[in-house]
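**Q** no sequence on this one, just coordinates:
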């Protein structure tokens, strides 16, 4: 019995280590009649890194960027932690990503707004060819599809400006909104996007069998929107990436670190 208990503890610790330090690629697929049938858009989403490093000089993340070969890369907030005082690591990662990919976009998270170096971070990202979608939008063409990419500053810290972000957006085109926090849907009844890509929740970070997430930011205990896909209208979806880093407690359990490879194609 004693040996069984030891083995159980070792197993739980091993699972926590793997979930925290080895990330997976979560593949998601969406369809829309606004996308030509013969066209596919791919997006690599990295969220909630919190300055964590995967492999020497983030080799594991760089390899994933290469293998994904996505049309665009989106960084949906909390690249750094609230108490991060050295930006060298995140700048090194971003430099290597933008050297491989010309289309990288960023929206702020609550930890950026809580960090004294937030201004230096944004300036450094722009200097390294990252497009900052701070309540702004842009139009992107992939193959035969033209779509809108809209970004808002973090809604959980009240820095968003939804009207400004969607200014002059052509609603006939497929529209993707980058919003660090999924609480955008709690604050606004009508969000004019076809797909919202969020993070922030960490998927609860620690989950339990049959219960799911224990706690998530802005939602408290046993959150309703912790990770995955949620419909918020006809052919409108919110996708919450559970993130790749940790915050407060440096541990994940039954909730492996992940990046998301999202594919959007024409509806048959």
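**A** Everything's here; your move. The shown structure was predicted, so the numbers you read here are calculated from the model rather than taken from an experiment.
**Q** hey, where'd the strands end up in the stretch 1-150 of the chain?
**A** 24-32, 40-46, 72-75, 104-106, 131-132, 136-142, 145-151 (DSSP state E, counting those that start in this stretch).
**Q** what pLDDT does the model give residue 192?
**A** If you check residue 192, the pLDDT there is 95.
**Q** OK, contacts around it?
**A** 166, 169, 171, 175 (C-beta atoms under 8 Å, 6 or more residues apart in numbering). Yep, even glycine has a C-beta here, placed from its N, CA and C like the rest.
**Q** now residue 5: how far from residue 12?
**A** Distance of residue 5 to residue 12, given as C-beta to C-beta, to the nearest Å: 11 Å.
**Q** returning to what we had before: redo the strands of the stretch 1-150 of the chain as JSON lines? Include distance to residue 220.
**A** Formatted as JSON lines, those follow (distance: least, C-beta to C-beta, whole Å):
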{"stretch": "strand 24-32", "distance to residue 220": "25"}
{"stretch": "strand 40-46", "distance to residue 220": "25"}
{"stretch": "strand 72-75", "distance to residue 220": "27"}
{"stretch": "strand 104-106", "distance to residue 220": "28"}
{"stretch": "strand 131-132", "distance to residue 220": "31"}
{"stretch": "strand 136-142", "distance to residue 220": "32"}
{"stretch": "strand 145-151", "distance to residue 220": "27"}
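**Q** with respect to burial, which of these scores highest?
**A** strand 72-75 (a mean of 25; mean count of other C-beta atoms under 10 Å).
**Q** that strand pairs with which strands?
**A** Neighbouring strands of strand 72-75 in its sheet, by DSSP bridges, are strand 40-46 (parallel), strand 104-106 (parallel).
**Q** any idea how far the first one is from the chain center?
**A** Centre-to-centre, strand 40-46 and its host chain are 11 Å apart (C-alpha atoms, centre = their mean, to the nearest Å).
**Q** show me what that strand is in contact with.
**A** Contacts of strand 40-46 from elsewhere in the structure, counted by C-beta under 8 Å, 6+ apart, are 35, 61, 64-65, 68-76, 142-143, 145, 147, 174, 176, 197, 199, 241, 244, 259-266.
**Q** picking that back up, which of residue 5 and residue 12 has more neighbours?
**A** Neighbour count, other C-beta atoms under 10 Å: between residue 5 and residue 12, residue 12 has more, with 12 against 9.
**Q** tell me the spatial nearest neighbour of that one, not counting adjacent residues.
**A** Among residues not flanking residue 12 along the chain, residue 253 sits closest, at 7.8 Å (C-beta to C-beta, 6 or more residues apart in numbering).
**Q** got the contact list for the one you found?
**A** For residue 253, the contact set (C-beta under 8 Å, 6+ apart) comprises 12, 15, 16, 19, 205, 206, 207.
**Q** okay, who's weakest in these by pLDDT?
**A** Minimum pLDDT across these falls on residue 12, with 83.
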